[in-house]
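Peer 1: give me a 3D structure for the following:
(2 chains)
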Amino acid sequence: EPEVTQTPSHQVTQMGQEVILRCVPISNHLYFYWYRQILGQKVEFLVSFYNNEISEKSEIFDDQFSVERPDGSNFTLKIRSTKLEDSAMYFCASSSGTGHQPQHFGDGTRLSIL
Amino acid sequence: GQSLEQPSEVTAVEGAIVQINCTYQTSGFYGLSWYQQHDGGAPTFLSYNALDGLEETGRFSSFLSRSDSYGYLLLQELQMKDSASYFCARRGNTDKLIFGTGTRLQVFP
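Peer 2: Predicted coordinates for the structure are as follows:
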C-alpha cells in the first residue's frame, strides 16, 4: 500500500539554526499538509498546499516557516531560525482530494531543539 | 469556535466494546474523521462521517449526529493491539483537520 514517507525520523538542532524536514507524499495525491504534535498534546494544523501554493496556514506558521515542492515528488518544511518551542513531532500528510477523501500521514520527524 | 472535546482516557478488557465520544462546536462544520495513533506513530485514518448515522468498517464503527454536535467511535471485540490514542478531527469549509484532545484507550487482558 502506498505511503507517505518522511526523513529524517529524528532531527536534533541547535536553537537558531535552520532545519528542513522532508516528505514524499503518495504519488497520485494533489493536496499536501504539515501538522505538528507537541509531546502529549493533540495534533495541530500548520499549512496546506495545493497547485504549488499555500492554500491555508495557521497562526503557528509564521514568517520563520516555509514550504516548498521543489520537484514532482518532494514536499519540504523549512524553519529558518529554530526556537526551543519548535520541538515537536512534525507530520506530513497528503490526500487525493478534499471533502471525504482521507488525509494519509507519514511516520513523522521528531524535531528536538537544544 | 472549532474545538473538539473527548474523554482523556478509557479502559476496557479484551473482547469488550468501548465507545469514545466527541463533541464539537458547529461553526463551519462539514464532517468528522477518526484517527488512531499508537505511541510514537503516525495518525492512521479510521473513518469519516459527513452525514448523520452510522458508518461501519469491520470492528470499528463511527456515528455522527449533526443536530447534537456529537459523534462517537465504537470499537468492538477489543484486542490488545487496539491500545492507542484515538482522535476525532473535524473538517470545515477548508481542507485542514482540526483534531480533538484525544482519548487514550488501554485494553487489558
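Peer 1: what does chain B have sitting close to chain A?
Peer 2: Residues of chain B lying near chain A by C-beta under 8 Å from any C-beta of the partner chain: B:30-31, B:33, B:35, B:41-45, B:48, B:50, B:87, B:89, B:91, B:94-102. C-beta here means a position set from N, CA and C on the backbone, and glycine is covered the same way.
Peer 1: only whichever of these are buried, select them in PyMOL.
Peer 2: To isolate the buried members of the residues of chain B next to chain A in PyMOL, using 16 or more other C-beta atoms under 10 Å in any protein chain shown:
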select buried, chain B and resi 31+33+35+42+43+45+48+87+89+91+95+96+97+98+99+100+101+102
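Peer 1: narrow the residues of chain B next to chain A to those in strands?
Peer 2: Residues of the residues of chain B next to chain A located in strands (DSSP state E): B:31, B:33, B:35, B:44, B:45, B:48, B:87, B:89, B:91, B:97, B:98, B:99.
Peer 1: contact partners of stretch B:88-99?
Peer 2: For stretch B:88-99, contacts defined as C-beta atoms under 8 Å, 6 or more residues apart in numbering or on different chains pick out A:31, A:33, A:35, A:42-45, A:48, A:50, A:55-56, A:58, A:95, A:98-99, A:103, B:2-4, B:6, B:20, B:22, B:24, B:27-35, B:48, B:71, B:73, B:87, B:100.
Peer 1: please check those and keep the buried ones.
Peer 2: A:31, A:33, A:35, A:42-45, A:48, A:55, A:58, A:95, A:98, A:103, B:4, B:6, B:20, B:22, B:24, B:29, B:31-35, B:48, B:71, B:73, B:87, B:100.
Peer 1: re the thing from before, which one of the ones in strands among the residues of chain B next to chain A sits closest to residue A:87?
Peer 2: Closest approach to residue A:87 among those (C-beta to C-beta): residue B:99, at 18.9 Å.
Peer 1: relative to residue A:44, how far out is that closest one?
Peer 2: According to C-beta to C-beta, to the nearest Å, residue B:99 and residue A:44 sit 7 Å apart.
Peer 1: hmm, whichever helix or strand residue A:90 is part of in reach of chain B?
Peer 2: Applying DSSP states H and E as the criterion places residue A:90 in strand A:88-95. Yes. Using C-beta under 8 Å from any C-beta, strand A:88-95 reaches chain B at A:91, A:95.
Peer 1: kindly report the residues of chain A close to chain B.
Peer 2: Residues of chain A lying close to chain B (C-beta under 8 Å from any C-beta) are A:4, A:31, A:33, A:35, A:42-45, A:48, A:50, A:55-56, A:58, A:91, A:95, A:98-100, A:102-108.
Peer 1: what number of residues lie near the closest residue to residue A:6 other than its chain neighbours?
Peer 2: The shortest distance from residue A:6 to any residue other than its chain neighbours is 3.9 Å, reached at residue A:106 (C-beta to C-beta, 6 or more residues apart in numbering or on different chains). Neighbourhood size, residue A:106 [other C-beta atoms under 10 Å in any protein chain shown]: 25.
Peer 1: backbone torsions only: list them for residue A:106.
Peer 2: Residue A:106 adopts backbone torsions of phi -80, psi 180, taken as degrees, to the nearest 10.
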